[in-house]
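A.B. asks: Model the following, please.
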Amino acid sequence: MIAFVSGRVAAAGPDGAVIDVGGVGYAVQCAPATLAGLRVGEEAKVPTSLVVREDSMTLFGFADDDERQVFELLQTASGVGPRLALAMLAVHSPDALRHAVASEDVTALTKVPGIGKKGAQRIVLELRDRLGAPSGAAPRARPAAAGAAWREQVQAGLINLGWSARDADAAVDAVAADLGDGDTPPVPVLLKAALKKLSK
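C.D. replies: Below you'll find the model as predicted:
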């Protein structure tokens, strides 16, 4: 079990980062909110969870230990693998997931790409006694981006990942052009969309 990696951020992309630990580069898959806190060239300590499969070993990274613990607990539900667990943490904070499961809020869970109504009901049934109760504070979903505020947050995240301010502006404009008049997605979703624009 690799509990964390600590070293210089050597590279960052849409889905993960490379952390240089004593001359060895560890590829770490992360949710967009975690990536936004990493700056290329600076030191970072990233809590991790190692997922071993027959044909691969994948290291997943998190903003804190609570996120890592919830990631591991989510995978104890049937049908939830590491990719889906990471997607759940991209949309909801750990406490928001605890609240959704405790209150049987199927609608909140189906906001995660890849989770349908039946899957959400199964997750509630299987994780109700495992995730624990949310903290006393109001549940904190990943913030939906209101008005123009999301633009500043996404731009800051892109600059933290090593993009120039000009490239960040262009990517934010491109994402804004794709948005319709409906609900604005959470900032991590918008950040990932901006990173895809930049990687083209």
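A.B. asks: What residues of the helix or strand of the chain with the lowest mean pLDDT count as buried?
C.D. replies: Ranking every helix and strand in the chain by mean pLDDT, DSSP states H and E puts helix 149-160 at the bottom, with a mean of 75. By neighbour count on 16 or more other C-beta atoms under 10 Å, the buried set for helix 149-160 is 150-151, 153-155, 157-160. For glycine as for every other residue, the C-beta is placed from the backbone atoms N, C-alpha and C.
A.B. asks: just stretch 38-54 next, same as before
C.D. replies: 38, 40, 44, 46-49, 51.
A.B. asks: and the next element down the chain from the least confident helix or strand of the chain?
C.D. replies: helix 165-178 (DSSP states H and E).
A.B. asks: Look at Phe71 and give its secondary structure.
C.D. replies: Here Phe71 is helix, with the state taken from DSSP: H, G, I helix; E, B strand; the rest coil.
A.B. asks: Let me see the contact set for it.
C.D. replies: Listed by C-beta atoms under 8 Å, 6 or more residues apart in numbering, the contact set of Phe71 reads 49, 60, 62, 82, 85-86, 89.
A.B. asks: Now the residue positioned nearest the centre of the chain: closest residue in space, sequence neighbours ignored.
C.D. replies: The chain has Ala31 as the residue nearest its centroid, 2.4 Å off, counting by C-alpha atoms, centre = their mean. If you skip the residues right next to it in sequence, Ala31 has Ala90 as its closest partner in space, 4.2 Å away by C-beta to C-beta, 6 or more residues apart in numbering.
A.B. asks: Give me the pLDDT for the one you found.
C.D. replies: On pLDDT, Ala90 comes in at 85.
A.B. asks: No further questions, thank you.
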